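Visitor: Mind looking at a prediction? Sequence and model below.
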Amino acid sequence: MKNEKLVMIPGPTPVVPSIQREMGRKTAAFKDPDFVRDFKEVLADLKSLWQTKGEVFVVPGSGTLAMEMAVSNLIKTGEKVLLVTHGYFGDRFGEICERKGYDYDILQSEWGSIVDPARIEEALAKNDYRAVLVTHVDTSTGVKAPVEEIGEIIGSASDTLYIVDGVCATAAEREYVDPMNIDILLTGSQKAFGVPPGLAIVWAGPRAMERRKELGQIREYYVDFDKWLPIMHDPGKYFATPAVNLVWALQESLRIIKDEGLEARFTRHRQDARIIQDTLLEMGFGLLAEKHCRAVTLSNVLYPEGIDDEEFREKLVEEGVVVAGGLGEYAGKLFRLGHMGNIDQHIIISTLAAIARTLKRCGFAGEPGKALNKYFQ
Ligand code: PMP
């Protein structure tokens, strides 16, 4: 019998049966009063859980759309922006800045480490930036930015807006919008929410909404806050068709999150990550992200000498686990293991055991299985 595939890439993450069921429901009209009520509840929960007195937008699209939506509603062509990048997805923000014609400065780190917040402070003291763009967890490196500390540096009184890409972080790493001086937090449904791909989620704090007003009409159409705001206030209205079943799936994800408690969810991710990462190191792997800035949502796992990436990942699929390859310079040198969202101990132990077996099957001389002994003590 073939092993079922456990999808342990950094998104989409495993979808639990109760969320999967929402995807399979008979699709309702988007003006159906029951759906309108459900959508309203989703929006209210997102605002209260992530603590903003501003707005939240839930629109059909992926994380990249959310990135585009964030900048389009706050920054005009020619304005000055500070981009802090820790890898591939930070660089993607750079590409967007380029297309939009922003005048942007880049602070970047070596892959695996972070930009020292003191450099951000220095740059802010020297220049008047319209916005600072930061990726909370860069999925290419497994590095976590000190989002709260950067928020303190920017402050709540400054004219500089703070945009955080939470695609690989939100609902797993600690984030609160207004309390952390975040003006826009953006994410997608397919990572730590454990919902299938297809929803872009964008929180916009009070200052971001004020800024949107100042801009008047913007060039972009689909991502314009002004187009969506009436729907977010009354989901019975129409601008563009909502992804009905995905909204239900998100409602179920939020039910799970409320049941667990957001802080308890952050703690679980921290504890699981520690045990997963310690076990991988003990098996003989390395980790790209330095310890002080290691994300809890995924691990970028460096192969021991002599292990071939393609062979390893192929054999791992035979063992029932799918992981992702490295990006950029690290293609072929590491695999990316997602461990975020609604994953339980069964999934974690099965994944680690499959990794240990695969390493052995690839000819590794050590005893990677011994690293699992801690589970039996
Ligand atoms: N930002 C980060 C940090 C990501 O990890 C990703 C996706 N891996 C994106 C943005 C882009 O999201 P999407 O693929 O959903 O467009």
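Guide: Noted; the coordinates are in hand.
Visitor: So which residues on the stretch 101-250 of the chain come close to the ligand?
Guide: The stretch 101-250 of the chain has residues 135, 138-139, 165, 167-168, 188 near the ligand, with proximity defined as Cβ under 6 Å from any ligand atom. Bear in mind the C-beta positions are built from the backbone N, C-alpha and C, glycine included.
Visitor: biggest separation within those, which pair?
Guide: For these, the farthest-apart pair by Cβ to Cβ is 138 and 188; their separation is 14.7 Å.
Visitor: and those two? which has more neighbours close in?
Guide: Taking neighbours as other Cβ atoms under 10 Å, residue 138 and residue 188 compare with residue 138 leading, 31 against 27.
Visitor: hang on, the more buried one packs against residue 168?
Guide: Yes - with contact defined as Cβ atoms under 8 Å, residue 138 reaches residue 168; the gap is 7.3 Å.
Visitor: shared neighbours of these two, anything?
Guide: Common neighbours of residue 138 and residue 168, counting by Cβ atoms under 8 Å, 6 or more residues apart in numbering, are residue 89.
Visitor: Report how many residues lie close to residue 3.
Guide: With other Cβ under 10 Å as criterion, residue 3 counts 12.
Visitor: List the contacts of it.
Guide: 318-320.
Visitor: May I see the ChimeraX selection of the buried members of those residues?
Guide: Here is the ChimeraX command that selects only those of the contacts of residue 3 that count as buried (16 or more other Cβ atoms under 10 Å):
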select :319,320
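Visitor: Just send the contacts of residue 3 back as CSV, with secondary structure too.
Guide: Shown next, in CSV, are the contacts of residue 3 (DSSP: H, G, I helix; E, B strand; the rest coil):
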residue, secondary structure
318, helix
319, coil
320, coil
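Visitor: out of the contacts of residue 3, who's near the ligand?
Guide: Of these, not one also sits near the ligand (Cβ under 6 Å from any ligand atom).
Visitor: Out of the contacts of residue 3, which comes closest to residue 277?
Guide: residue 319 (20.0 Å).
Visitor: ok, back up a step: is it possible to get TSV of the contacts of residue 3 that adds pLDDT and distance to residue 18?
Guide: Compiled in TSV, these are given as follows (pLDDT from 0 to 100; distance: Cβ to Cβ, whole Å):
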residue	pLDDT	distance to residue 18
318	96	29
319	96	27
320	96	22
